[in-house]
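Enquirer: No letters, just coordinates:
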Ligand code: MTE
C-alpha cells in the first residue's frame, strides 16, 4: 500500500537536483545484490514530478485502449488482474544514458552524468501486452501502438510508441505491469501501472500508464522525438538544441539496447595487492545485449587491448526458462517458457593471474553478443550522450 512505500532516503546517488528525482546505485552496491535488484536500489529516471496517486486513485485507475481497433475499451486494474493471464518475468531495464558520465568527461552532452548504474533488474508482475492487444482487436490499418503516462510535463505527458508487429509478439515480452519484486510498483517506478519493454532502452517502458492507442502513425509525443536519439556527429549540444529536423528523423531513434558491459570489481582506482605472483584476483562485472540477444563472450585485457582473456558468463534468467518455475519463496511463479529471448543482464567473472596485473594501469572489458556485435574501442560521442558502450575500463594501482 502507499503507506509501505520505500522512502527516498535510500542508498541511491542522486544525479540531478532535488527535482525531478534521478538516481542510480553505486556500481559495487548494485553488483553485490546479484541478479534481482532490490527496489530501493533500482535506478530511477523521471522527467518530471511523480504523479501523486493514492490507493483509492489506483482502485479507480482507468486504462483507455482506443484508436484503430474493433474493441475499444476502458479497463480497470481489476479487469487487468482477472481478464488476462498473469505472468511474472525478470526484466532488466537500462537507461539509454547509462555510462554517460564518460561522454560528459570528454565533452558535456545534453544529459546528466550516469555512471554504470543506470541498469537494474526486477521481477515484474502483470500481463502480456500481446494479450491486451488481441482483446482490443487492432484493425488492418493499425501499424503503431502508442503509450501515454499521466505525468504532467512542460510539453505534455510522457509518451512513445512501438511497432504493432513487435508489440503483439509475445516472445518480446512486453508487459503491462503492476508488481515489482513481489510488491506493488513504487511511485517512482510507475505506480499503479506501467509498460515494461524487455531488451529495449528504458525510455520505452512508459510509467503511470493511462492510455494505449492503436494508430497508423507513430507517437507524436514531444519526448518521443526530443529524447532517446543518437544524433550523428559533429552535432554539439548547442547545435543539437537548435536543430529541428534530425530529432524527427526515425533513423536516429533508439529502440533496442546495444551490447555493453562494466567491471564492478575492482572499483575505479582500487589498490590491488599484486605482490604474490602465483595468486589470482577475481575480476567481475555485468553485461547485457539488446533485442533479446544473448551476450556470447566477455573479454578482459590488462594491456590496453593487445591481448584478451575470456571470462565465464552466468545467465541467471535461464533458471526461469523451465515452465512453471515455482521454487522462489518470495516471488512465486516465474515462467519464461514463452520465450527464447534474453530479457536480462548476465554476470561474468575471471580469475586473473596476478602476474598479468603487475605493471598494468587499467583493466578493460568488452562484450560481444550473438549477432557478433562487439563493444567498440572508441567512444561514439553524441549530443545526447546516449548508448555509450565503448570498452569499459577501471584504473588500478598496485602495492609497491
Ligand atoms: N514514463 C513516464 N511516464 N515518465 C518518465 O519520465 N522515463 C522513462 C521511462 N518511462 C519516464 C517513463 C525513462 S527515460 C526510463 S530510463 C525509464 O522509465 C526508467 O524507469 P525507472 O525509473 O522505473 O527505472
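Expert: Right, received. Where do you want to start? Model, not experiment: these values are computed from the prediction.

Enquirer: And for residue 184, the neighbour number?
Expert: Burial measure for residue 184: 19 neighbouring residues, criterion other Cβ atoms under 10 Å. Backbone N, C-alpha and C define where each C-beta goes, glycine included.

Enquirer: List, one by one, the residues from the protein near the ligand.
Expert: Counting by Cβ under 6 Å from any ligand atom, the chain comes close to the ligand at 42-47, 93, 95, 149, 151, 158, 188-189, 202-203, 205-208.

Enquirer: PyMOL command to pick out the buried ones of those?
Expert: In PyMOL, this line selects whichever of those come out buried by 16 or more other Cβ atoms under 10 Å:
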select buried, resi 42+43+44+45+46+47+93+95+149+151+158+188+189+202+203+205+206+207+208
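
Enquirer: just checking, which of the residues of the chain next to the ligand belong to strands?
Expert: 44, 45, 93, 149 (DSSP state E).

Enquirer: Is residue 339 in a helix, a strand, or coil?
Expert: Per DSSP: H, G, I helix; E, B strand; the rest coil, the secondary structure class of residue 339 is coil.

Enquirer: how about it, phi and psi?
Expert: With angles defined as degrees, to the nearest 10, residue 339 sits at phi -140, psi 150.

Enquirer: my guess is it meets residue 173, correct?
Expert: Yes. Between residue 339 and residue 173 there is a contact at 5.7 Å, judged by Cβ atoms under 8 Å.

Enquirer: Settle it for me: which of the two has more neighbours?
Expert: The neighbour comparison of residue 339 against residue 173 (other Cβ under 10 Å) goes to residue 173, with 25 against 18.

Enquirer: how near is that one to residue 209?
Expert: 16 Å (Cβ to Cβ, to the nearest Å).

Enquirer: same thing with residue 24?
Expert: Plainly put, residue 24 is 23 Å away from residue 209 if you go by Cβ to Cβ.

Enquirer: higher neighbour count, these two?
Expert: residue 24 (27 against 23).

Enquirer: ok so the more buried one is a helix residue?
Expert: No. Counting by three-state DSSP, residue 24 is not part of a helix but strand.

Enquirer: Excluding chain neighbours, give the residue nearest to it in space.
Expert: In space, and not counting its chain neighbours, residue 24 is closest to residue 117: 3.4 Å by Cβ to Cβ, 6 or more residues apart in numbering.

Enquirer: quick one: contacts for the one you found?
Expert: 13, 24, 25, 26, 27, 30, 43, 98 (Cβ atoms under 8 Å, 6 or more residues apart in numbering).

Enquirer: With distance to residue 165 and pLDDT as new columns, can the ones in strands among the residues of the chain next to the ligand be given to me in TSV?
Expert: Formatted as TSV, these follow (distance: Cβ to Cβ, whole Å; pLDDT from 0 to 100):
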residue	distance to residue 165	pLDDT
44	31	97
45	27	97
93	22	98
149	23	98
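
Enquirer: wait, which of those is closest to residue 376?
Expert: For those, the closest approach to residue 376 (Cβ to Cβ) belongs to residue 93, at 23.2 Å.

Enquirer: show me what contacts that closest one?
Expert: With Cβ under 8 Å, 6+ apart, residue 93 has these contacts: 42, 43, 119, 120, 121, 122, 196, 202, 205.

Enquirer: That one bridge partners, please.
Expert: Beta bridges link residue 93 to residue 120, judged by DSSP bridges.

Enquirer: Tell me how far it lies from residue 82.
Expert: 27 Å.

Enquirer: Ok, residue 191 next?
Expert: Residue 191 is 20 Å from residue 82, by Cβ to Cβ.

Enquirer: quick one: which of the contacts of residue 93 is nearest the ligand?
Expert: Top of the list for closeness to the ligand, among the contacts of residue 93 and by Cβ to the nearest ligand atom, is residue 202 at 2.7 Å.
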